[in-house]
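> Here's my sequence, what's the structure:
(one chain, ligands or ions: 3)
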Amino acid sequence: MIIGVPKEIKNNENRVALTPAGATEFRKHGHTVYVQTEAGKGSGFSDELYTEAGAVILSTIEEVYGIAEMIIKVKEPIASEYELINEDQLLFTYFHFASSEPLTHAMISRKAVCLAYETVEKTDRSLPLLVPMSEVAGRMAVQEGAKYLEKPMGGFGILLGGVAGVKPANVLVLGGGIVGTQSAKMASGLGANVTIVDISLPRLRYLEDIMPANVDTVMSNEYNIRELVKSANLIIGGVLIPGAKAPSLITRDMLKLMKPGTVMVDVAIDQGGCFETSKATTHEDPIYEVDGVVHYCVANMPGAVPYTSTLALTNATLPYALQLANQGWRLACSKNEELLKGLNVVNGKIVFKGVSDAWNLPYTDVKELF
Ligand SMILES: NC(=O)C1=CN([C@@H]2O[C@H](COP(=O)(O)OP(=O)(O)OC[C@H]3O[C@@H](n4cnc5c(N)ncnc54)[C@H](O)[C@@H]3O)[C@@H](O)[C@H]2O)C=CC1
Ligand SMILES: CC(=O)C(=O)O
Ligand SMILES: [Mg+2]
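Numbering: from 1, shown residues only. Ligands and ions are numbered 1, 2, ... in the order given. Sure thing, here's the model as predicted:
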């Protein structure tokens, strides 16, 4: 198969979807890899390293989209890429369709085959291609939160861990999945008082068991969240209903209950966000304020730490990408349920229920397309 790796063009997105090690694996399986020049630069991989690994460097994004049967990317295509996408072309990347109606319509009209990293799902319901980036974003959420809690950055002016004789900060984590667990580990390690809320009692039970003593677990419901936001200094949003629009757990009226300078990091922004007042921001301009509350809503947080993120992401994606290249998407998806769940939009039809529900568009059972 002919594989194309474009350079990411989302704001400050320095990850790349394939490393030179991955290019070597594709070559060993008889595939041809085209990489856009400087695609790996931000992650520390020069064009020369790809060439040595057997890939061919192309100078423009148009050439990459023009030649490839499968495009491997990191982030969803942005508007300037839409017209480069061809009918039947396989796109393997994050899409987060439920947070973007224009992207959904664009991919329908391009008639491409869109296999989304974030909905590839194992039988134990884990999301193997989301996990590594959720680990990164969960950890980063605490770093970013700590930074914006500093007074000169617009925050309340509290140190997460406090010092002797002074209480630490209160950190509220919404969702105790991968993001929530990593955030809680980081924040508790710094000495903050952490509360994790989740709707899953077994998950809360597990977290209660493994977390240190400065982490509490609380059932997620409106009443409890309304109480907890009053004393929170940092709120981290990490809830997920796979493939669907995130629920708004923090409504606008709750901001009035918070202390001015409270910081809210909405990691779930890529699925539309779990705070009613969230709107996606960029690494260049990451925060804004509503009612005295600082909002950080960057949709590609791991893009800021590409050395870590590219390796973590490609460790997980490569085995799936190789299956797609070796067998083609139809055979690979019919043999592997995990990949089948990644199909979101196929040749103009929405085949993922969370996406059709998000935009009130018709749903087609993916099995009809085989
Ligand atoms: N902004 C960014 O750069 C990044 C964003 N993400 C996003 O972060 C979000 C979380 O991802 P993961 O932690 O991997 O998901 P996950 O599936 O591991 O965890 C989600 C948790 O939310 C809980 N949940 C669902 N509804 C809830 C509710 N009403 N109240 C409380 N908890 C609820 C679930 O029980 C689950 O434990 C996703 O939207 C993901 O796409 C992930 C990586 C990077
Ligand atoms: C998961 C995601 O949105 C990211 O890694 O950017
Ligand atoms: Mg405890």
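> For this protein, just list every one of the helices.
Assigned by DSSP state H, the helices in the chain fall at 20-28, 47-52, 61-67, 79-82, 101-110, 131-148, 178-189, 201-210, 222-231, 306-335, 337-340, 353-359.
> Can you give me the distance of the residue in the stretch 101-250 of the chain that ligand 1 sits nearest to to Ser183?
For the stretch 101-250 of the chain and ligand 1, the shortest gap (C-beta to the nearest ligand atom) falls at Gly177, measuring 1.7 Å. (C-beta placed from N, C-alpha, C; glycine too.) Going from Gly177 to Ser183 by C-beta to C-beta, to the nearest Å gives 10 Å.
> between these two, what contacts are shared?
Gly238 (C-beta atoms under 8 Å, 6 or more residues apart in numbering).
> My guess is Pro242 contacts Gly354. True?
Yes. The criterion here is C-beta atoms under 8 Å, and Pro242 meets it with Gly354 at 6.9 Å.
> Need the nearest residue in space to whatever residue of the stretch 251-370 of the chain ends up closest to ligand 1, chain neighbours excluded.
Of all residues in the stretch 251-370 of the chain, Met301 sits closest to ligand 1, at 3.4 Å by C-beta to the nearest ligand atom. Nearest non-adjacent residue to Met301, counting by C-beta to C-beta, 6 or more residues apart in numbering: Ala137, 4.3 Å away.
> That neighbour: what's it in contact with?
Contact analysis of Ala137 by C-beta under 8 Å, 6+ apart lists 179, 182, 267, 301-302.
> What of Ile158?
Ile158 makes contacts with 149, 169, 233, as judged by C-beta under 8 Å, 6+ apart.
> mind listing which of those are in strands?
Assignment to strands by DSSP state E places none of the contacts of Ile158 there.
> Among those, find me the one that's closest to ligand 2.
Leu149 (23.3 Å).
> The closest one: neighbour count?
Leu149 has 23 neighbouring residues, counting by other C-beta atoms under 10 Å.
> quick one: it and Asn170 touch, right?
No. Using C-beta under 8 Å, Leu149 is not in contact with Asn170; the gap is 11.1 Å.
> quick one: common contacting residues for those two?
Shared contacts of Leu149 and Asn170 (C-beta under 8 Å, 6+ apart): 233-234.
> If anything else comes up later, I'll come back, but that's it for now.
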